[in-house]
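Engineer: Return a 3D structure for these sequence lines:
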Amino acid sequence: MTLAYVALGANLGNPIITVKAAIAALDGVRASARRATSSLYRTAPVGLQHQPDFINAVVALETDLAPQALLDQLFAIEQRFGRQRSVKNAPRTLDLDLLLHGDATLATPTLTLPHPRMHQRAFVLAPLAEIAPRIVVPGHGEVALLLAACADQAIVKLAD
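Structural biologist: As a prediction, the model looks like this:
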């Protein structure tokens, strides 16, 4: 079994309900089991600024799936939640990103591990640090140090 980390984000519809439902949907990923779930966080959009704030979280999954097979399962969940891919950083009903898959580093046309730019994004690092405070992002360093470098990015932990 490999420990993988998945980021969740949404800003259309009712994103709190959507992210909570998507967390539950991750329990149905074959050959996998949810091991940890972060709190929910409210964050400002990155890139396209004139859109609603996002709700974000990170989940740790123990999985027997290879990285691409796990990503395919994540894309299927996105589709069930009505995800449509238009322009980069556009508003979305649900976004599931495979951040890390063990200590794998990978670059294919469909998947890059660790996830590109995750080391620069508080909306990924804060929930990841909550559930795995000592994890190291291959090629970038320890999550707590990476998060400290993103101190200028607004992020608010929501009450449970």
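Engineer: Just the residues contacting stretch 68-84, thanks.
Structural biologist: The contact list for stretch 68-84, computed with C-beta atoms under 8 Å, 6 or more residues apart in numbering, reads 4, 6, 10, 18, 21-22, 25-26, 29-30, 32, 61, 63, 65, 92-98, 101, 108, 110-111. Glycine gets a C-beta too; all of them are placed from N, C-alpha and C.
Engineer: Restricted to helices, list those.
Structural biologist: Residues of the contacts of stretch 68-84 located in helices (DSSP state H): T18, A21, A22, A25, L26.
Engineer: buried subset of those residues?
Structural biologist: Neighbour counting by 16 or more other C-beta atoms under 10 Å classes T18, A22, A25, L26 among these as buried.
Engineer: For stretch 101-111, list every residue counted as buried.
Structural biologist: Neighbour-count burial for stretch 101-111 flags H101, L111 (criterion: 16+ other C-beta under 10 Å).
Engineer: Check the average confidence over that stretch, would you?
Structural biologist: When pLDDT is averaged along stretch 101-111, the result is 95.
Engineer: and what of stretch 29-37?
Structural biologist: Here stretch 29-37 scores 98 as its mean pLDDT.
Engineer: sorry, back to before: just the contacts of stretch 68-84: which are in strands?
Structural biologist: A4, V6, A10, S32, L61, T63, D95, L96, D97, L98, H101 (DSSP state E).
Engineer: and the angle from the host helix or strand of L8 to strand 95-101?
Structural biologist: Take DSSP states H and E as the rule and L8 turns out to sit in strand 2-10. Computed by axes from the mean of the first three to the mean of the last three C-alpha atoms, to 10 degrees, the angle separating strand 2-10 from strand 95-101 equals 160 degrees.
Engineer: Check which helix or strand the closest residue to L96 other than its chain neighbours maps to.
Structural biologist: Counting by C-beta to C-beta, 6 or more residues apart in numbering, L96 lies nearest to L74, which is 4.1 Å off, once chain neighbours are set aside. Remark: L74 resides in helix 67-80, with elements defined by DSSP H and E.
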